[in-house]
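J.: no FASTA, just this:
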């Protein structure tokens with residue numbers, strides 16, 4: 001089973017991995033050459049900046065796929081659908097949409113209570129509308145709990161159409177219900193191999209209710225940290241440290257669960273990007289190829305304890 005590697009830029013002191021795009025262009029070339037398949041665009045400046053960065057990234061790379069971080073409620077679904085379709089056309093199919101949950105705006109709080117379930121209900125309705133707009137052949141009207149659309153239509157669809165890859169995460173029953181309906185890729189939370197396996201099963205069960213259990217792929221956020229590093233963790237990624245062989249050994253139990261993508265963070269300097277790609281990415285890929293050739297039973301590696309994986 002081939003494993004894909006996704007680069008997740010950090011948020012340095014100047015506020016953005018993309019602060020100086022001339023310097024970023026050099027890093028993008030390294031990321032692409034190092035064996036990373038995708039790049040997450042999640043800038044502190046927000047959604048509209050993300051769209052601009054995504055367009056620049058697609059212009060400056062030949063094969064790197066862009067994972068665009070997006071939030072429901074920032075712009076209207078009809079506007080978002082047109083802009084995302086344009087980006088999809090520009091990308092030639094190298095775009096996917098990563099939906100994050102965000103609290104409702106203060107102005108919305110006066111009209112309805114703000115809560116976890118409300119946020120996910122809005123995401124659900126938003127994604128339903130995006131997919132309709134990307135696939136409909138004539139205008140339609142929609143009146144829902146969060147959005148009202150009259151004559152909704154996107155004349156120029158992207159190459160993906162309504163099949164643009166949607167990425168979601170979460171652990172609550174409400175979040176998994178929405179993910180089961182919409183997610184093509186599910187971004188897992190940090191945990192031991194056993195804990196991650198349990199979450200994967202919950203997601204598959206939620207997707208099975210919509211006949212989609214077999215369509216799901218799983219991505220695991222991984223933070224590579226320097227030895228002796230003691231900074232605060234964001235608690236959202238499995239943390240690993242050490243030389244390439246140890247890093248690869250730490251991740252093999254997760255790959256054995258059926259995870260098909262590692263989202264690698266913590267490496268933003270050019271030298272780190274090149275080294276991790278040349279050593280760790282290659283070693284993991286080769287190790288998995290050897291394991292697959294030996295055809296071990298599912299879960300064989302996941303049952304062992306690997307002390308090299310530091311879970312925070």
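T.: Noted; the coordinates are in hand. What you see is a predicted model; the values in this text were computed from it and never measured.
J.: can you list contacts of the lengthiest strand in the chain?
T.: When the chain is parsed with DSSP state E, its longest strand is strand 217-225. Strand 217-225 is contacted from outside by 6, 8, 167, 184-188, 190, 196, 200, 203, 231, 233-234, 236-241, 247, 251, 254, 257-267, 276, 280, 310, using C-beta atoms under 8 Å, 6 or more residues apart in numbering. (C-beta placed from N, C-alpha, C; glycine too.)
J.: at 6 Å what do you get?
T.: With contact meaning C-beta atoms under 6 Å, 6 or more residues apart in numbering, strand 217-225 is reached by 185-188, 200, 236-241, 254, 259-267.
J.: what subset of those is buried?
T.: Neighbour-count burial (16 or more other C-beta atoms under 10 Å) applied to the contacts of strand 217-225 gives 185-188, 200, 237-241, 254, 259, 261-267.
J.: keep only those of those that are in strands.
T.: Among the buried ones among the contacts of strand 217-225, DSSP E puts 185-187, 238-241, 261-265 in strands.
J.: which member of those residues is positioned nearest residue 175?
T.: Relative to residue 175, the closest of those is residue 186; by C-beta to C-beta it sits at 10.0 Å.
J.: what sits against the closest one?
T.: Shown in contact with residue 186 (C-beta under 6 Å, 6+ apart): 179, 203, 216, 218.
J.: need the residues you listed in JSON lines (columns: distance to residue 128 and pLDDT).
T.: Below are these laid out as JSON lines (distance: C-beta to C-beta, whole Å; pLDDT from 0 to 100):
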{"residue": "179", "distance to residue 128": "14", "pLDDT": "97"}
{"residue": "203", "distance to residue 128": "19", "pLDDT": "97"}
{"residue": "216", "distance to residue 128": "18", "pLDDT": "95"}
{"residue": "218", "distance to residue 128": "23", "pLDDT": "98"}
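J.: most neighbours among these, which one is it?
T.: residue 179 (29 neighbours; other C-beta atoms under 10 Å).
J.: on the three-state scheme, it is what?
T.: Using DSSP: H, G, I helix; E, B strand; the rest coil, the structure places residue 179 in helix.
J.: so the nearest residue to it once chain neighbours are set aside bridges to which residues?
T.: Excluding the flanking residues, the one nearest residue 179 by C-beta to C-beta, 6 or more residues apart in numbering is residue 168, at 4.2 Å. Taking DSSP bridges as the rule, residue 168 bridges to residue 186.
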